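Student: Sequence plus the predicted model coming up.
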Amino acid sequence: MNAVMDINIKRTTRSRLNDQPLENAPFGHYFTDHMLVAEYADGAWKSVEIMPYQALQLEPSLAALHYGQSIFEGIKAYKDDRGNVAVFRPFENFIRFNLSAERMQMPQVPEEIFMDGMKTLIDLDRDWVPAYEDHSLYIRPFMFATDAVLGVKPSETYKFIILLSPTGPYYSAPMRIYVEEKYTRAVAGGVGFSKNAGNYGASMYPTAKARELGYDQVLWTDAFEHKYLQEVGMMNVFFVVNNVAITPSLEEGTILAGVTRNSSLQVLKDMGIEVAEKRISIDELIEAYKAGLFTEVFGAGTAATISLIKELRYKDFIMNFDTDKWTVAPELKKRLDAIRKGKSADTHGWLYKI
């Protein structure tokens, strides 16, 4: 294999591929043979290396553990019917990763480490990319502070790592969603637009409370009035109202600029569906539902791709949807999957071939 950049590669002496069944692999449970690791110190990135997947040795005073300087991305690679491997829009994730780094006062990761390193790593472990329907190779680049010093200040050292994980379908059935009106995911001026670890840690308690009520996830609302809609779980959300696909606007900085969100907007336009990015309230949705105009709702994200929602509950009002009769979300998922798997033309140049 010809590396794109000068990366020191230490290959494993024994592949674990035959020990891990790739069909219907649960999300985030299996990891490939190798990982990429780069160190940041003295104002520069150094010692970029691909090594066998292994445990890390960390100090208990590690800054990331105490002060939350930790960010990540989620990307997917797919294998087509001819065995070719391609990554879906990774450059967009690279840009977003560095936006998160800036917000969290962390160093920028150079393109040659993020993109070339990822390409080299996937090429080395390409046999791990599952070829089954609704399967993919999940790519997790992440960075965290490594100063072994207590004190609230930006770390001077960091570790950047890329892991690869074969995965099957994320949500296999349409979801039931609870509209959250007490807890808050993000506020204007905060870090909601960045993909940092704290956003996800803070979401776990409200999600657990929703699951106690029999729901799969929560639909987040704004921090002040708890009526303007943001994200659903860890995904962007779309509502089909009066034949228009509406998704909450990014303007306030409370919502992640999802790559699947952006791709969905484009494919919906390709389908001839009118799209709108705007502030939308739960009151507007209830009114549209009662009028028979609110017909579909779905989540869009890297891990889950397009996830259908069959029920929304706000207070004691429940909105039920017959997903078997839907036309927009299933066609959107079908078209996105066809592009990712090389079954339809990549007219937008989204596939990054390995």
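Tutor: Received it, and whenever you're ready, just let me know what you need. Numbering: from 1, shown residues only.
Student: Correct me if wrong: residue 66 contacts residue 149.
Tutor: No: between residue 66 and residue 149 there is no contact under C-beta atoms under 8 Å: 9.6 Å. No exception for glycine: its C-beta is placed from N, CA and C like everyone else's.
Student: what's the closest non-adjacent residue to residue 29?
Tutor: residue 165 (7.6 Å; C-beta to C-beta, 6 or more residues apart in numbering).
Student: wait, the one you found sits on residue 33?
Tutor: No: with contact defined as C-beta under 8 Å, residue 165 does not reach residue 33; the gap is 11.8 Å.
Student: quick one: residue 285 is in a helix?
Tutor: Yes: assessed by DSSP: H, G, I helix; E, B strand; the rest coil, residue 285 belongs to a helix.
Student: Name the nearest residue to it, sequence neighbours excluded.
Tutor: residue 294 (5.6 Å).
Student: quick one: contacts for the one you found?
Tutor: 239, 240, 241, 285, 288, 319 (C-beta atoms under 8 Å, 6 or more residues apart in numbering).
Student: What are the boundaries of the strands in the stretch 151-300 of the chain?
Tutor: Taking DSSP state E, counting those that start in this stretch as the criterion, the stretch 151-300 of the chain contains strands spanning 158-167, 175-179, 217-221, 229-232, 236-241, 244-248, 274-278, 294-301.
Student: and those as a markdown table, adding distance to residue 330 and mean pLDDT?
Tutor: Formatted as a markdown table, the strands of the stretch 151-300 of the chain follow (distance: least, C-beta to C-beta, whole Å; pLDDT from 0 to 100):
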| stretch | distance to residue 330 | mean pLDDT |
| --- | --- | --- |
| strand 158-167 | 21 | 97 |
| strand 175-179 | 15 | 97 |
| strand 217-221 | 20 | 97 |
| strand 229-232 | 18 | 96 |
| strand 236-241 | 12 | 98 |
| strand 244-248 | 13 | 98 |
| strand 274-278 | 17 | 97 |
| strand 294-301 | 9 | 96 |
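Student: Report the separation between residue 118 and residue 64.
Tutor: Remark: distance between residue 118 and residue 64 (C-beta to C-beta, to the nearest Å) = 21 Å.
Student: what about those two, which has more around it?
Tutor: residue 118 (25 against 20; other C-beta atoms under 10 Å).
Student: Does that one belong to a helix, a strand or coil?
Tutor: From three-state DSSP, the assignment for residue 118 is helix.
Student: cool, and the one 5 residues further on?
Tutor: Classification of residue 123 into helix, strand or coil gives helix, according to three-state DSSP.
Student: Residue 354 is in contact with that one, correct?
Tutor: Yes: counting by C-beta under 8 Å, residue 123 touches residue 354, with 5.4 Å between them.
Student: Name all residues that sit in contact with those two at the same time.
Tutor: residue 85.
Student: out of the two, which sits in the busier spot?
Tutor: Counted by other C-beta under 10 Å, residue 123 and residue 354 do not tie: residue 354 has more neighbours, with 18 against 14.
Student: about what we covered before: quick one: the residue nearest to residue 29 and residue 216, what's the gap?
Tutor: Taking C-beta to C-beta, one finds residue 165 at 22 Å from residue 216.
Student: now residue 127
Tutor: 33 Å.
Student: neighbour count winner among those two?
Tutor: Ranked by neighbour count (other C-beta under 10 Å), residue 127 and residue 216 place residue 216 first, with 20 against 15.
Student: Quick check: that one vs residue 207, distance?
Tutor: From residue 216 over to residue 207 the distance is 9 Å, taken as C-beta to C-beta.
Student: can you list residues touching both of these two?
Tutor: With C-beta under 8 Å, 6+ apart as the test, residue 216 and residue 207 both reach residue 233.
Student: show me where pLDDT drops low in the stretch 251-354 of the chain?
Tutor: Scanning the stretch 251-354 of the chain for pLDDT under 70 picks out nothing.
Student: What ranges does it have for its helices?
Tutor: Using DSSP state H, counting those that start in this stretch, the helices found in the stretch 251-354 of the chain span residues 259-270, 282-290, 328-340.
Student: Columns mean neighbour count on top of the ones you listed, output as TSV?
Tutor: Below are the helices of the stretch 251-354 of the chain laid out as TSV (neighbours: other C-beta atoms under 10 Å):
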stretch	mean neighbour count
helix 259-270	20
helix 282-290	17
helix 328-340	19
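Student: Tell me which of those helices approaches residue 82 most closely.
Tutor: Residue 82 lies closest, by C-beta to C-beta, to one member of the helices of the stretch 251-354 of the chain: helix 328-340, at 14.2 Å.
Student: coming back round to it: would you reformat the strands of the stretch 151-300 of the chain as CSV and include distance to residue 82?
Tutor: Listed next are the strands of the stretch 151-300 of the chain as CSV, based on distance: least, C-beta to C-beta, whole Å:
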stretch, distance to residue 82
strand 158-167, 19
strand 175-179, 34
strand 217-221, 36
strand 229-232, 35
strand 236-241, 32
strand 244-248, 33
strand 274-278, 33
strand 294-301, 28
